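Asks: Pasting the sequence and the predicted model now:
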Amino acid sequence: MKMTKMTALLLAAAMALTACGSTAAASSTAASEAASVEAAAAPEATAAPEEPAAETAVTYPLTVTDQLGREVTIEEEPKTLASGYYISTSLLIALGVQNELVGVEAKADKRNLYSLSAPEIQSLPSIGTAKEFDLEGCAALAPDLVIVPAKLKDSIPQMEEMGLTVLAVKPENQAGLFGAIELLAQATNTTARGEELEMAIDSNLAALAEAVAGTDAPSVYLAGNSSVLETAGPAMYQNTMIENANGTNAAASVEDTYWAEVSYEQILDWNPDYIILASDAEYDVDSVLNDAALADCTAVKESHVYQLPHAVEAVDSPVPASFLGSVYLASVLHPEQVTEEYYHAAADEFYGSFYGFTPESYE
């Protein structure tokens, strides 16, 4: 029944995405992956998901509240957009308005997700980063709407003085991600697509929660980008990912709101069952396994050291596909309940439905 249950869950997720307007090819891929898990077992009966609500007409002028609590009036439906944040750019692609972008964040040409889903945006003018935003460059593009990270809150008044309409997003956790989806979907008149996106994420997380329910929760040390001596405490999104996968954060006592620096002694004291490297880690699994200072750590002794997927994008940040980080981690922590094939099928379904491609690599 274990594999039958997983098959049913994956088929249910595929059905949910299909009902939300996903491509037939992607749905077929997920269904065939699920069927291959246990061809002889019939999936448990699953109620058909509800159809998404009909498109709600957005009328302009439109006043919305952004994620800094600012009330912003958008006079007309925006035809040109500028995004100064990779998460908002990824969201705009998922909402299907990438062709309206006239400017994007710096280093967009380095992002694999863009090259796979919307390569044309990689040659758009850069409007900088949260640390070095190009106010003049952005204003010169004359976008109808600018989306920036909340970190740029001190620059927003100057943008408005330049005549720009600006929305700030702060998707630092699951609720924040959904808030950003709803905000940008309303602002760009794509509310139905936004609802489809949220439903897809919700259905995948619900299926995952059911799959890992009742399993023991191993301790997980999530190491940072720069060093194994950096970790994510409970205030970071990565903690949510660990909890979604039914693990416990070894660094639960850390109070930092960003990557915290710790010592080898502290890691050995926590003695995690698993060490998971961040997607964008600048070191590799072998370097941790061969680190003499960690030789007595349970995770190292049992070779339970892995790196989160990064071939398409970093899934340990709150991008639309961030739930895949939880699914992957669950396949590591609970391989009998969540198989590698299940993770692959979930990735195929989601990227196919909202980004128009099937990953060639799942690493």
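Replies: Yes, it's here.

Asks: Restrict the strand or helix carrying Val72 to CA atoms and write it as CSV.
Replies: Val72 belongs to strand 71-74 when elements are defined using DSSP states H and E. Extracted in CSV, the C-alpha atoms of strand 71-74 (Å, rounded to 0.1, in the frame of the first residue of the first chain):
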residue,chain,number,x,y,z
GLU,A,71,-1.1,51.6,-0.9
VAL,A,72,-0.3,51.9,-4.6
THR,A,73,-2.6,53.0,-7.3
ILE,A,74,-2.0,51.6,-10.8
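
Asks: can you list contacts of that strand?
Replies: Identification of contacts with strand 71-74 by Cβ atoms under 8 Å, 6 or more residues apart in numbering yields 60-66, 144-145, 165-167, 187. Placement of C-beta: from N, CA and C, glycine included.

Asks: Direction included, what does whichever helix or strand comes after it pair against?
Replies: As assigned by DSSP H and E, the chain's next helix or strand after strand 71-74 is strand 81-83. In the sheet, strand 81-83 lines up against strand 101-103 (parallel), strand 145-149 (parallel) (DSSP bridges).

Asks: among those strands, which is the most enclosed?
Replies: Comparing those by mean neighbour count (mean count of other Cβ atoms under 10 Å), strand 145-149 ranks first with a mean of 26.

Asks: next SSE after that one?
Replies: Moving toward the C-terminus from strand 145-149, the next helix or strand (DSSP H and E) is helix 156-161.

Asks: Give me the helices and strands touching that following helix, please.
Replies: In terms of contacts (3 or more Cβ pairs under 8 Å, 6 or more residues apart in numbering; DSSP states H and E), helix 156-161 is packed against helix 135-141, strand 145-149, strand 166-169.

Asks: Pull out the buried positions in it.
Replies: 156, 159 (16 or more other Cβ atoms under 10 Å).

Asks: which residues touch Leu164?
Replies: By Cβ under 8 Å, 6+ apart, the contact set of Leu164 is 138-139, 143, 146.

Asks: what about Arg111, how many residues close to it?
Replies: Neighbour count of Arg111, defined by other Cβ atoms under 10 Å: 21.

Asks: can you give me the mean pLDDT across the strand holding Val72?
Replies: In this model, strand 71-74 has a mean pLDDT of 98.

Asks: Run me through the strand neighbours of it, direction for each.
Replies: Sheet pairing of strand 71-74 (DSSP bridges) gives strand 62-65 (antiparallel).

Asks: Give me the residues contacting the strand it pairs with.
Replies: If you take Cβ under 8 Å, 6+ apart as the criterion, strand 62-65 is touched by 71-74, 167, 183, 186-187.

Asks: can you give me the strands in the stretch 201-350 of the chain?
Replies: Along the stretch 201-350 of the chain, counting by DSSP state E, counting those that start in this stretch, strands occupy 219-223, 230-231, 248-249, 260-261, 274-277, 305-307.

Asks: So for Ser361, which of the ones you listed sits nearest?
Replies: Of all these, strand 305-307 sits nearest to Ser361, with 12.8 Å by Cβ to Cβ.

Asks: Just the pLDDT at Leu294, thanks.
Replies: 98.
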